[in-house]
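what's the 3D shape of this:
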Amino acid sequence: MAAMRTWALLLLWFRTSTQGKTPDVHITCVFSEDCVLPCSFQPASDQVIRWLRQEVVIYTLQLEDGEDGEDGEDGEDGEDGEDDQSEHEQYDGRASLFPNLVSHGNASLRLTKCGPRDRGRYRCQVNSTAGLHEAQVIVRVEAPVRSLSLSLELSRLDGYEELKCATRDVYPAPQIAWATDPPTAGGLRPNTRMLADEQGRYNVESRLRKLKDQSQLTYICRVNSSYGTQVWTASLTERAISWTERRNLTVPCHAPPHLPNPSLSWSFTNHNKPAIILTYNSKPQQSSVSTLWKERVVFDPAKVASGDGSLWLVEPNRLEHGGVYTCVYASLRTTHTVVTRVTMTSDSGEDAHVQEKHCGRTECCYSPGSFEQRKNCTSRQDVSHGVRYGVNDL
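Presented below is the predicted three-dimensional model:
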């Protein structure tokens, strides 16, 4: 009998202690933005609402019988009959309720300009004639990764080539991992630096020395957010092409599979002077080609979505078109870069790849492999294998 009475008392205590409590709520607030901590209760009279962080009261609102808190607009303090205040200097002017929603059982707390110091466990406590209601809210703050770049650079100190993977304004500090495709024997040894700014956000830079005698490698940098909410991937492939000037040239660019609605950009660097060649966005199917390159390039927009963003150069010359061509495929949280170094030798004869076909006088006949063409083409013309930009009197 004594044992049964003990169990009955324990059960009664458990029911009493958990009355008015709700399961913990986990929310993620975005760095420097406003955030709402939810709390709902059964409306009653003589309500006193308190919010506590780590068991320290940070905000109080007291409504006496007959007051409903609906004098103010949504998110603004009401007038007459409300005694509300922030009780911690960290939240002074940053914490508020929604007064016109309190009478409807909404005691949610709004925090403005959230930062790292706002992380932690919060407790919403509503005391009224209906009893005590409590709710726990677990808050974490995140500045998500918004971009990731991977580039090939020359080390200023040692003169060797290295890959730089970088992202900015991230919180908490993310995790960085490197890999190659195909995998290489031995571990990779990147040098990673994470520097926090005055607000606590991290600028991340990870450098990996380019492996010797491994020209066919694809380098992969992955960034995982600390909370596991995001994974960003950037990859880079490098290749070299030796070509004879005035012969039509295909500069290949192939993306990894399964990139939804990708965008594509091509740029060219010669004598350390970078220039944009073209950009293309597959979702609105819009493209833009630099005026300086309109008479030199052909590319096939229809193939971009399937992973082929190759660029075709019409009769390039070594002085103007020998250099580094960079193709960047970009999709949601994924980028793939192809760096192609093109060196050209002088032309020693007739271009064997330019042949006459039975075309109309103002028509150009193209095939992606040979770029066959006829002289005196129109200034801009759609062709069967792509879009031709302003090739005149080639």
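
immediately after the helix or strand hosting N203, which helix or strand?
Using DSSP states H and E, N203 falls within strand 202-209. Going down the chain from strand 202-209, the next helix or strand is strand 218-224, by DSSP H and E.

Pairing partners for that following strand, with directions?
Strand pairing for strand 218-224, using DSSP bridges, gives strand 175-181 (antiparallel), strand 231-244 (antiparallel).

from the ones you listed, which stretch is densest packed?
Ranked by mean neighbour count, these are led by strand 231-244 with a mean of 18 (mean count of other Cβ atoms under 10 Å). From N, CA and C alone the C-beta is placed, and that goes for glycine too.

Name every strand pairing with the helix or strand following it and say which way it goes.
Under the assignment DSSP H and E, the closest C-terminal helix or strand after strand 231-244 is strand 249-251. Applying DSSP bridges, strand 249-251 is found paired with strand 311-313 (antiparallel).

picking that back up, what about the strand holding N203, distance to the chain center?
17 Å (Cα atoms, centre = their mean, to the nearest Å).

neighbouring strands for that strand, and are they parallel or not?
Next to strand 202-209 in the sheet, as set by DSSP bridges, lie strand 161-170 (antiparallel), strand 191-196 (antiparallel).

Mind putting the strands paired with strand 218-224 into a markdown table with mean pLDDT?
Shown next, in a markdown table, are these (pLDDT from 0 to 100):
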| stretch | mean pLDDT |
| --- | --- |
| strand 175-181 | 96 |
| strand 231-244 | 95 |
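
Rebuild those as TSV, extending it with distance to S215.
Converted to TSV, the strands paired with strand 218-224 look like this (distance: least, Cβ to Cβ, whole Å):
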stretch	distance to S215
strand 175-181	12
strand 231-244	7
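
Most tightly packed of the strands paired with strand 202-209?
Highest mean neighbour count among those (mean count of other Cβ under 10 Å): strand 161-170, with a mean of 20.

ok, and S45, which helix or strand is that part of?
With DSSP H and E as criterion, S45 is part of no helix or strand.

Need the per-residue pLDDT for it.
With respect to pLDDT, S45 scores 87.

Same question for R388.
For R388, the pLDDT comes out at 41.

can you check the one 3 residues further on too?
Looking at V391, its pLDDT is 33.

what about K113, distance to D158?
Separation of K113 from D158 (Cβ to Cβ, to the nearest Å) stands at 43 Å.

and if you look at K164?
As judged by Cβ to Cβ, K164 and D158 stand 14 Å apart.

any idea of the mean pLDDT in the strand holding N203?
Strand 202-209 shows a mean pLDDT of 96.

Repeat that for stretch 267-287.
90.

End to end on that stretch, go ahead and measure it.
End-to-end distance for stretch 267-287: 14 Å, by Cα to Cα, to the nearest Å.

swap in stretch 213-228?
End to end - Cα to Cα - stretch 213-228 spans 35 Å.

Now that stretch: buried residues?
By 16 or more other Cβ atoms under 10 Å, the buried positions in stretch 213-228 come out as L217, T218, Y219, I220, C221, R222, V223, N224, S225.

And for stretch 330-340?
Buried residues in stretch 330-340, counting neighbours by 16+ other Cβ under 10 Å, are found at A330, S331, T334, T335, H336, T337, V338, V339, T340.

Same check on stretch 142-159?
Result for stretch 142-159 [16+ other Cβ under 10 Å]: buried residues E142, A143, P144, V145, L148, L150, L152.

What is the neighbour count of T343?
11 (other Cβ atoms under 10 Å).

and it, helix, strand or coil?
Here T343 takes the strand state, with states given by DSSP: H, G, I helix; E, B strand; the rest coil.

how much space between it and R296?
In terms of Cβ to Cβ, T343 sits 17 Å off from R296.

what does H26 give?
H26 sits 55 Å away from R296, going by Cβ to Cβ.

same check, this time on N100
Distance, N100 to R296, using Cβ to Cβ: 64 Å.

Between the two, point out the one with more neighbours.
Taking neighbours as other Cβ under 10 Å, N100 and R296 compare with R296 leading, 22 against 18.

Next one, pLDDT for that one please.
For R296, pLDDT reads 93.
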